[in-house]
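In: fold the following and give me the result.
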Amino acid sequence: MSKELMYILITKMHLRLNQLIEEKNYNLLDEEVLHYSQRLDKVLSRFNKIVNQDANSGLNSCEVNNVTKCAI
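Out: Predicted coordinates:
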């Protein structure tokens, strides 16, 4: 999966998690909130691996767009 698609996925998942937290009256220990949060953590971990692989191969993994800003 490309980094651009990962940006979109992470953004949508983050918005969905925020919505879910609101629906559950900010109960962060709710099973559904915890489950979705774990799913988002897995996606973020995968994204970090991709970025680290790019950095190790000498590629510039820093991109600026509406979703993520990075300064090196």
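In: list the contacts of the residue lying closest to residue 40 once chain neighbours are set aside.
Out: Distance criterion CB to CB, 6 or more residues apart in numbering; nearest residue to residue 40, sequence neighbours excluded, is residue 13 at 4.8 Å. Where C-beta positions appear, they are placed from N, C-alpha and C, glycine not excepted. Counting by CB atoms under 8 Å, 6 or more residues apart in numbering, residue 13 touches 36, 39-40, 43.
In: which stretches of this protein form helices?
Out: 3-23, 31-56 (DSSP state H).
In: pipe those helices into JSON lines and attach mean pLDDT per row.
Out: Conversion of the helices of the chain to JSON lines gives the following (pLDDT from 0 to 100):
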{"stretch": "helix 3-23", "mean pLDDT": "94"}
{"stretch": "helix 31-56", "mean pLDDT": "92"}
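In: next, count neighbours for residue 6.
Out: Applying other CB atoms under 10 Å, we find 18 residues neighbouring residue 6.
In: hmm, residue 43 and it touching each other?
Out: Yes: Residue 6 lies in contact with residue 43 (CB atoms under 8 Å); the separation is 7.4 Å.
In: pull out the buried positions in stretch 17-25.
Out: Neighbour-count burial for stretch 17-25, counted by 16 or more other CB atoms under 10 Å, picks out residue 21.
In: ok, now how distant is the spatially most central residue of the chain from residue 27?
Out: Closest residue to the average C-alpha location of the chain: residue 10 at 3.4 Å, with CA atoms, centre = their mean. Separation of residue 10 from residue 27 (CB to CB, to the nearest Å): 23 Å.
In: just to revisit the earlier point, among the contacts of residue 13, which ones are buried?
Out: Buried among the contacts of residue 13 (16+ other CB under 10 Å): 36, 40.
In: save the contacts of residue 13 as CSV, and put in distance to residue 54 too.
Out: Formatted as CSV, the contacts of residue 13 follow (distance: CB to CB, whole Å):
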residue, distance to residue 54
36, 27
39, 23
40, 21
43, 17
